[in-house]
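Undergrad: what follows is a protein structure lacking sequence information:
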């Protein structure tokens, strides 16, 4: 009798399991897990690397560069160099300074020529306003050579100071210290006062216009 009851119990469990499996014949079969290696269990969100969490150092904010020019050869030969260095104060604002040297030679004839050089420095600021567009301000001090017409054209030197404002367009180049190529257009607010003391009709700033155009790596 006991065997009969056990057989009835096992038969009932078997029938119930078969009915449960066939209750929904349209149901998709259970997914088969592929052998994709051990399962990694995380006890928290992924952590960022220590390098990405480290705030930028003073060295990371250093910017270097400069420009060469104006360049011209022939009757008027002009060669200029201007190294610059700066600091990225914020994501938008950078401040810096630079040195300037320019050599110029003018040939009046095959046997008559004159040469002079200008040198000095400048401080500047650049503020990014939209993507690659920046606002620029600069204060430049140059020691220039000019002719004293009250003393038979004797060459003399004079320090001249210029305040400039303008804008620039920057193209990133991906360097650590030299980050972008910058085309800068400035207007010299002091241009009309930078005249030859012996001949006020002659302006002694190195360019012949209040507009100053520079191509600077920075």
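TA: Done, it's in. Source: prediction; values computed, not measured.

Undergrad: show me what the nearest residue to residue 100 once chain neighbours are set aside bridges to in the sheet.
TA: Leaving aside its sequence neighbours, residue 100 sits nearest to residue 82 (Cβ to Cβ, 6 or more residues apart in numbering; 4.6 Å). The C-beta positions use only the backbone N, C-alpha and C, and glycine is treated the same way. As for beta bridges, residue 82 partners with residue 67 under DSSP bridges.

Undergrad: for residue 168, same thing?
TA: Under the criterion used (DSSP bridges), residue 168 bridges to residue 134, residue 184.

Undergrad: quick one: find the helix or strand in the protein with the lowest mean pLDDT.
TA: Every helix and strand of the chain was ranked by mean pLDDT, DSSP states H and E. The lowest is helix 2-22, at a mean of 46.

Undergrad: give the contact list for the residue nearest to residue 100.
TA: 66-68, 98-101, 216 (Cβ atoms under 8 Å, 6 or more residues apart in numbering).

Undergrad: surely residue 134 meets residue 165?
TA: No - applying Cβ atoms under 8 Å as the test, residue 134 and residue 165 come out as separate, 11.9 Å apart.

Undergrad: which one's more surrounded, these two?
TA: Neighbour totals were compared for residue 134 and residue 165, and residue 134 leads with 22 against 12 (other Cβ atoms under 10 Å).

Undergrad: for the more buried one, what are its contacts?
TA: Per Cβ under 8 Å, 6+ apart, neighbours of residue 134: 126-128, 167-170, 182.

Undergrad: of the residues you listed, select the buried ones using a PyMOL command.
TA: A single PyMOL command is used to select the members of the contacts of residue 134 judged buried by 16 or more other Cβ atoms under 10 Å:
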select buried, resi 126+128+168+170+182
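
Undergrad: in this protein, what spans have low per-residue confidence?
TA: Counting by pLDDT under 70, the chain has low-confidence residues at 1-53.

Undergrad: where exactly do the strands run in it?
TA: Using DSSP state E, the strands of the chain run over 62-68, 76-88, 93-107, 113-130, 133-148, 154-172, 180-188, 195-196, 199-203, 211-217.

Undergrad: okay, the ones you listed in JSON lines with distance to residue 54 next?
TA: What follows is the strands of the chain, written out as JSON lines (distance: least, Cβ to Cβ, whole Å):
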{"stretch": "strand 62-68", "distance to residue 54": "16"}
{"stretch": "strand 76-88", "distance to residue 54": "16"}
{"stretch": "strand 93-107", "distance to residue 54": "21"}
{"stretch": "strand 113-130", "distance to residue 54": "24"}
{"stretch": "strand 133-148", "distance to residue 54": "28"}
{"stretch": "strand 154-172", "distance to residue 54": "22"}
{"stretch": "strand 180-188", "distance to residue 54": "24"}
{"stretch": "strand 195-196", "distance to residue 54": "53"}
{"stretch": "strand 199-203", "distance to residue 54": "51"}
{"stretch": "strand 211-217", "distance to residue 54": "27"}
